[in-house]
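Enquirer: could you look at this predicted model? Sequence included:
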Amino acid sequence: MNPFIKGKVDKIVIAGIILVILFVCLVISPFYLKEREINREQAFAKEKLNLELLQLRTSSIKTVLHDTAETLVEGLEKQSKKFSSLADLTVSTAGLNETDFGEFQLKRYSLLSSATNKQTNIPAKDDLHYVLAQSSSFLSTFNVLSKNNSIEAMYIVADMGEYTYQVLQNQNDTFSISLLEWLSLNKSKFSGNGSISNMVLTPPLANRSTLENFILVSLPVTNQKPVYLIIELDLSELSLEVGGSTKYVLWQKENARVVSSNIEIGAETTSNVQSFLLSKYIPKPWHDILFAGEATDSIYTSIDKNEYVIKVAHVYNSDYLAFFYKNTQSMQAALWQTVMIEGFKIIAVGVVGLAILYLLVYYLFAKPISNFLNFVEQQNSLYERDSTQKPKGWEPWFEKIAVSYDDNRKLFNSLVAKNKQLDDKIRRRTHELQLQTISKDRNLALNRAIINSIPDMIYYKNIDGSFVGCNKSFESLCGINEDQLVTRNCRRCL
């Protein structure tokens, strides 16, 4: 390749490489931002699906509980005709021992009793709530429902007033006194309008080492001594299946409590699980929003030195919020792997494009121009030859140029031949003139010798009367030599 053309092509290649690098930078930057969002969405896709499954499970359980409550209420309404008024809500416990509760038993709980005496059997002197006395109308349904795999335990709770409750429960179950405390503080949540009230998912009670969850529905059989149908959910029902390193916290907005979590909690924090999860695993910008009962889907970076990427998601048509935590390094590693692969693809495309551009420039521009310049330089330096070889494969391109240079070459060679002939003639004529000059000089010297040998005075003049020359005799007469005599006249000499 011609050095001049090679330099130009090298500059084009360097400019192409710089453009490829700039193009990669311009493309990768927005691609990284977009891929980061896609990567986060895909990273939490499984968790999003599990949230939907959680909603289906809780909805199914609520439906079962609602149907059970309706069946129970219908049976109790038929039995309630025995009572003369709604004020007659208790029956004597005299025949209590004759009632077969099967696997269930009746317990009495008093929130005013000492901590060691809150739970007792119902004493004979107490009256029994009439709903509990009608066990034959609901016990079979109650028994079937309690065997549901999603239900850990099931209770019927009758509020007898003065912080005293009668509870029908399974013999093997331990009823939570804290639930009764919560009931006494949240009576206003349950309507007494004669219809089944909305389901309420009670919170895991604060400052406890375990997360217990209950679904509660109020039975509209009396407004004076309310009756509640309560089921304790199996812990797995509000648990989410997530990836190995993924953590989560399921938050209930209504009660402002953590419902479920897979975060391992050390022994030093078991006395206050709620505070631990809220302070460490829920970012501070969400605290006010959570307790206000409002939230917007968003992604935050956790407060512990960017250890986690956090995705906040709503559970559809419920008051749950789910916080998912994925390790930042693992997500960044996967993201950078995707970005690097895409970057290599772009670089590979750029290199291939640059190679194609180089080949196009080489074959369509550089090589023809290089061949042309080489051909022209060859023509200029090889005039002594009759013809030069045209580049192979490029004969049509240089045919006219070759014809023009052939004509110039013939003319040049003709001029060179004629110039040689002229030089020969000049040399011959010069030699002849040299011979004639030598002969003339010899004749002149002979004539001078003859004139000087004559004793007579001889001189010769120009047409203007000035002396041109003389012999020795005349020089003696005038007293000056011939050189001084030349150009003088007689007056100046004599």
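Expert: Received the coordinates, thanks.
Enquirer: can we go C-alpha only for contacts and neighbour counts from here?
Expert: Noted.
Enquirer: residue 215 in helix, strand or coil?
Expert: strand (DSSP: H, G, I helix; E, B strand; the rest coil).
Enquirer: now it: how far from residue 150?
Expert: Separation of residue 215 from residue 150 (CA to CA, to the nearest Å) stands at 12 Å.
Enquirer: any idea how far the residue nearest to residue 490 when sequence neighbours are not counted is from residue 486?
Expert: Distance criterion CA to CA, 6 or more residues apart in numbering; nearest residue to residue 490, sequence neighbours excluded, is residue 466 at 7.7 Å. Distance, residue 466 to residue 486, using CA to CA: 7 Å.
Enquirer: which parts of the stretch 1-150 of the chain are helices?
Expert: 3-43, 45-79, 130-133, 139-146 (DSSP state H, counting those that start in this stretch).
Enquirer: need those helices in TSV with mean neighbour count, can you?
Expert: Listed next are these as TSV, based on neighbours: other CA atoms under 10 Å:
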stretch	mean neighbour count
helix 3-43	14
helix 45-79	17
helix 130-133	21
helix 139-146	16
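Enquirer: wait, which of the ones you listed is closest to residue 169?
Expert: Evaluated over these, closeness to residue 169 peaks at helix 139-146, with 9.9 Å, by CA to CA.
Enquirer: just checking, what packs against the closest one?
Expert: Using 3 or more CA pairs under 8 Å, 6 or more residues apart in numbering; DSSP states H and E as the contact test, the elements touching helix 139-146 are helix 45-79, strand 151-161.
Enquirer: state the mean pLDDT of the first one.
Expert: Computed over helix 45-79, the mean pLDDT rounds to 75.
Enquirer: before we move on, what about stretch 131-150?
Expert: According to the model, stretch 131-150 has a mean pLDDT of 72.
Enquirer: swap in stretch 412-426?
Expert: 91.
Enquirer: quick one: the helices in the stretch 151-300 of the chain?
Expert: For the stretch 151-300 of the chain, the helices defined by DSSP H, counting those that start in this stretch occupy 177-185, 273-281, 287-292.
Enquirer: weakest of those helices by average pLDDT?
Expert: helix 287-292 - the lowest mean pLDDT of those, at a mean of 54.
Enquirer: which regions of the stretch 101-250 of the chain sit below the pLDDT cut-off?
Expert: 101-103, 114-126, 135-137, 171, 190-212, 223, 235-238, 243-244 (pLDDT under 70).
Enquirer: which parts of it are strands?
Expert: 104-110, 119-120, 128-129, 151-161, 164-170, 200-202, 214-219, 227-233, 247-252 (DSSP state E, counting those that start in this stretch).
Enquirer: the third one packs against which elements?
Expert: Going back to what we said before, that points to strand 128-129. Judged by 3+ CA pairs under 8 Å, 6+ apart, strand 128-129 is in contact with strand 90-91.
Enquirer: look up phi and psi at the nearest residue to residue 181 once chain neighbours are set aside.
Expert: Spatially, and ignoring its direct neighbours in sequence, residue 181 is nearest to residue 111 (7.3 Å; CA to CA, 6+ apart). Note on residue 111: its backbone torsions stand at phi -80, psi -10 [degrees, to the nearest 10].
Enquirer: and the nearest residue to residue 218 once chain neighbours are set aside, bridged to which residues?
Expert: Closest residue to residue 218 apart from its sequence neighbours, by CA to CA, 6+ apart: residue 228 at 4.5 Å. As for beta bridges, residue 228 partners with residue 157, residue 218 under DSSP bridges.
Enquirer: check residue 469 too.
Expert: Residue 469 forms beta bridges with residue 460, as assigned by DSSP bridges.
Enquirer: give me every residue that touches it.
Expert: 459, 460, 461, 482, 483, 485, 486 (CA atoms under 8 Å, 6 or more residues apart in numbering).
Enquirer: 7 Å instead?
Expert: Residues in contact with residue 469 (CA atoms under 7 Å, 6 or more residues apart in numbering) are 459, 460, 482, 486.
Enquirer: isn't there a strand covering residue 326?
Expert: Yes. Note on residue 326: a strand contains this position according to three-state DSSP.
Enquirer: and it, how close does it get to residue 44?
Expert: 9 Å.
Enquirer: domain assignment for the protein?
Expert: Domains of the chain are assigned by automatic domain parsing as 41-330, 454-493.
Enquirer: determine how far the last residue of the first one lies from the first.
Expert: Pointing back at domain 41-330 there. 15 Å.
Enquirer: which residues in the stretch 351-494 of the chain form strands?
Expert: In the stretch 351-494 of the chain, the strands defined using DSSP E, counting those that start in this stretch lie at 459-461, 467-470.
Enquirer: the first one - contacts with which helices or strands?
Expert: It stands for strand 459-461. Strand 459-461 sits against strand 467-470, with contacts defined as 3 or more CA pairs under 7 Å, 6 or more residues apart in numbering; DSSP states H and E.
Enquirer: any idea of the mean pLDDT in the strand it packs on?
Expert: On average, the pLDDT along strand 467-470 is 86.
Enquirer: hang on, the earlier thing: in JSON lines: the contacts of residue 469, plus distance to residue 450.
Expert: Output for the contacts of residue 469, formatted as JSON lines (distance: CA to CA, whole Å):
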{"residue": "459", "distance to residue 450": "13"}
{"residue": "460", "distance to residue 450": "15"}
{"residue": "482", "distance to residue 450": "16"}
{"residue": "486", "distance to residue 450": "20"}
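Enquirer: just checking, what's the longest helix in this protein?
Expert: Among the segments of the chain that qualify as a helix by DSSP state H, the longest is helix 395-453.
Enquirer: re earlier: what about the helices of the stretch 1-150 of the chain, which gets the closest to residue 363?
Expert: Closest among these, using CA to CA: helix 3-43, at 11.3 Å.
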